[in-house]
Structure formats: C-alpha cells, structure tokens
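J.: what follows is a predicted protein model with its sequence.
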Amino acid sequence: MEPVTRRNVLILGGVAAAALAGGGLILWSEAQRGEPEPQATPTPGPSPTGTPPAPDADTGTLVEPAVLQSSGGRLELTLTAALTEVVVAGRQVRALTFNGSLPGPTLRVRPGDRIALAFRSELDAPTNLHTHGLVVSPEGNSDNVFVMIEPGAGFDYEYELGDDHPPGVFWYHPHHHGNSAEQLFRGLYGAIIVEDDEPVEATRERLLIVSDIAFDGDDVHLASAPERMLGREGDIVMVNGQVGATLLAKPGERERWRIVNACSSRYLRLRLDGQRMQLLGVDAGRYAEPADVDQIELLPGNRADVMVTAVEGTSVLQTLPFDRGGMGMLGRPSSATTGADLLTMTVAGAAATAPNLAVPLPTTRDLRTEQMTGSRTITLAMGPGRGGGGMSFTIDGREWDLDRIDAEVAAGALEEWTIVNASPMDHPFHLHVWPMQVIEVAGQPVSGTDWRDVVPVPARSRTVVRIAFEGITGKTVFHCHILDHEDLGMMGNVRTS
C-alpha cells in the first residue's frame, strides 16, 4: 500500500477526501516554490500588554486579543466568564466573554512556567476550564475537567509546564459536561502560546482565532435538539471576533500565523490564493521541514503554525465547503457544506526582504520504531436513543459516566489505539494531556512523524494512533471534539497510575 505523503494527497481528514486517501488535514502542493531569501531583522509580534493594539498601517484592521505575558517564570491572572455586550458584524449583541472580550486574552508563556489563574464565573450555569493541548497534570487544580464551578462561584487553577513542554499554540475553553458546546459557541475561548526556545524569525506574528456563531435577535442562538445531534454551526464565521477583517503587508514580508479552530463543530478548509503558505506543524507537532501548502484543513480544536510570504496583490483567506457526513433520515448538516470569506489580505508598497525560513529542528520521537506495551480499540457510534427519542452518542456502546473508568493505563505505557468510527458522520477524536502520533487514517499509512491532540476519524473508517503515557499520571478524558457529541455522551475516562 502506498503511504500517504505530505506532497500528494489530503492527510487525515473527512468524508470529502475519502476517495483520495481516506481523509486529510492538509493539501500539500506539488510545486517546489521559491529559494531561501536574505536574512532580515524580525519585527516583534503583538505587544504583551493587557490591551489589544489598535488597528494601524502595520497590522491592518485585524485586531488581536490582549496578550498576558509571563515574567520570571510565572503568569498570574484573573479570568472572568460573563454575559457581555459586544459588537459582531456591526451589531451590538450579547455573548459570553472572558474578561469582557471576544476572544479572551492570549496567555503567552515559556516551558517551565507556572500559570496561576483565578477563574470567576458570572454565568447562569455550571462551568470550568480546559487548557486544550497543554501537557500538564489533569488532577487537583490543574487541567481538571471534573471540577464544577457553580454560577457566581470561582476556582483557583494552577498549571505547571515542564521544562521540556513543546512550544506551539494551544487554547482554553469551558469543558463542563453538558455545557461545553453551548458555552464555547456563545464566546468562551482564548489562545495560549508556549514560546520557542529558539525564536522562529518572521517579519511579524499574527494570531487568528476562527470561530462561528449565530444570533436570534440580540442573543446567541440556542441550538435545537436536531442541531445538537448534527453539531451546531453558526452562519457567522469570525476571526478574532471580527467579520470581514483586513490586514496589510508589503511584498516579500514573511509572517507567522498561528491559527486556532475554535468552532464547536465546523471543519475548516483554509485557502489563501495568491500567497505562499508553508506549514510548520499542526497542534503542538512540528514537521521535519516546512512544507508548501495550498490548503490547510483543521478539525474543531486543531491549530496550525503557518509561514505566509507576502506576494503583491489582494487575497482572501477562505474556508471552503466541507461535508462531514449525515445522520440518516435527519439529513446531513446543511451548514457543513458552506464556505466563508474570513479576511482580506492586501499586499502593496515597497518590496521587503523576508527573514530566512530557519525553523529549529524538532526533537519529536517516532513511536513507530518502538515496541508497544499494549493496544486497545475504541469504537465511536451513534444510534437511536433510549425509548426511541433522539440519538445516542456512545464510545464502546456506552454514554459517558463520571464514575466509570473506560481505559486503565499503566504509567509509562506505550500503547497503540485503533479508533473505529461506526457512524455515518466524521468524528474528530481528542485525548487530553497526552499527544497522539498518527499512524494510519482510513486504511492509509501516514508518512513522516505527525503528532496531534485532535485526530480525524472519517465516517465508517478507523484511525490508528500511538501514545506514550509518560511523565504525567491521573484521570482525564477522551472524546469527540464536535462538542455537542461530547455533551451527548461520546466521551470516555482514562486513568494512568
């Protein structure tokens, strides 16, 4: 069987790409474009302050969230979740926000740092906080998704990053079972950036948090039962809480874009015609070398680290239509087949000299060369609900139970998991704390070393991953990252000890 490569097919995606290779996150270009360019002094990215920068000639009208930067190995902050009046697409509406902004502030830290986060809830429903992708303890007051913060209450989180924590872009959002999708969809999300030990040179760095939302009058639309079963999608797609944003650059400038898919269900197929995109990695993984790409496909929860070399002209960053499957007589998700224009990039002015594309080589291990100590199969399925009402969303035939352990794993184990999707819909699979190396998707082996924390499991297929349960012990969860499906029961508990 010919392996999936980064140059010839979509890797790791959904039903729409099944005819090519069983699905994919990335469409790699066949062309080898460009030569190394002379080095230039990089321009710093967003200022590490508590206030977002105002639009200007350098950043265009795309405004990034406020940045909270660690100092002396520690970041202390208060994060308040509340119903807030905000402006979306020129309308004053009510949404949920962290610290009054949509998205919430960006937390910028380094390996070895401690984050002391005082969480305060002004919501009308229970909530909590998940630091998606961070390799930190899932117990106590760390990334503990079993904590329940009642309305009007608070909780003091503290996260300790290891000295060897991988750099990259991560994010945070609520994860209280039953409320996750609604609270994310209504506006509760923000980014976390763990800095590189060796900076990646770029003319500037940008953060693009992509999310979708819908309104009934002035309030966020509350999903119906059929919409929850399909996985809700909004008819407004935003970047950093903005619709139709623009940004400016000069020809030859090289920008580093950190892109977060903060949608509760929407798959993103990103395309930026006319500009040169090179992908450094997805989630906290980094490829052996940057690769030219024409499209970048991100499942809900995925992040991309991309270098964009500006070419004169005007380009539109789009998310293209994507079909993630259906549910029998309920039909397929109508909104899943639509695309959207996300922002406009205008490149003009005197040509600039781009910094060299010098990216530190990854030190990621390859578990394909190591002996596994165990294996298991995880089956995702959908079927008629109890008593004939609605749909049931299960893992291994059971809906989530707080008190049940679905996977007991010995500390230090190296396991191969086969994730089977027995349903007619795609399901992005997320494991907390421990990243997964993707080995195979829909019968196609994956070439290269590809680590992620959200992996695709296309409809009626299977995905094989390998996991090193090392360094951290405790109880946490794995689940479908169409968060409505997680809330409806497609989640399991894993414990290492």
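T.: Yep, that arrived.
J.: just checking, what's the longest strand in the protein?
T.: strand 74-88 (DSSP state E).
J.: which of the residues in the helix or strand just after that one are buried?
T.: Counting by DSSP states H and E, the element after strand 74-88 in chain order, helix or strand, is strand 91-98. Using 16 or more other CB atoms under 10 Å as the test for burial, strand 91-98 gives V93, R94, A95, L96, T97, F98. Every C-beta, even on glycine, is put in place using the N, C-alpha and C of the backbone.
J.: my read: the second one touches G217, true?
T.: No. Distance between R94 and G217: 9.4 Å, which falls outside the contact criterion (CB atoms under 8 Å).
J.: and the nearest residue to D450 once chain neighbours are set aside, what does it touch?
T.: Among residues not flanking D450 along the chain, V438 sits closest, at 4.7 Å (CB to CB, 6 or more residues apart in numbering). Going by CB atoms under 8 Å, 6 or more residues apart in numbering, V438 touches L12, V446, D450, W451, R452, V455, T463, V464, V465.
J.: mind putting the residues you listed into a markdown table with pLDDT and distance to E139?
T.: Formatted as a markdown table, the contacts of V438 follow (pLDDT from 0 to 100; distance: CB to CB, whole Å):
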| residue | pLDDT | distance to E139 |
| --- | --- | --- |
| L12 | 38 | 30 |
| V446 | 93 | 32 |
| D450 | 93 | 29 |
| W451 | 95 | 23 |
| R452 | 97 | 23 |
| V455 | 98 | 24 |
| T463 | 98 | 28 |
| V464 | 98 | 28 |
| V465 | 98 | 23 |
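J.: if we can go back for a sec, so what pairs up with the residue nearest to D450 in the strands?
T.: V465 (DSSP bridges).
J.: mind putting the buried residues of strand 91-98 into a markdown table with pLDDT and distance to D283?
T.: Formatted as a markdown table, these follow (pLDDT from 0 to 100; distance: CB to CB, whole Å):
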| residue | pLDDT | distance to D283 |
| --- | --- | --- |
| V93 | 97 | 31 |
| R94 | 98 | 32 |
| A95 | 98 | 27 |
| L96 | 98 | 25 |
| T97 | 98 | 25 |
| F98 | 98 | 22 |
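J.: quick one, what contacts the closest residue to H221 other than its chain neighbours?
T.: Residue nearest to H221 in three dimensions, not counting chain neighbours: A214, with 4.0 Å by CB to CB, 6+ apart. The contact partners of A214, by CB under 8 Å, 6+ apart, come to V220, H221, R232, G234, D235, I236.
J.: and the second one, what is it in contact with?
T.: Pointing back at H221 there. H221 sits next to I213, A214, F215, G234 when contact means CB under 8 Å, 6+ apart.
J.: 10 Å instead, please
T.: F185, R186, I213, A214, F215, E227, R232, G234, D235, I236 (CB atoms under 10 Å, 6 or more residues apart in numbering).
J.: look up the closest residue to T203, ignoring the ones flanking it.
T.: E253 (4.1 Å).
J.: number of nearby residues for that neighbour?
T.: When neighbours are counted by other CB atoms under 10 Å, E253 registers 22.
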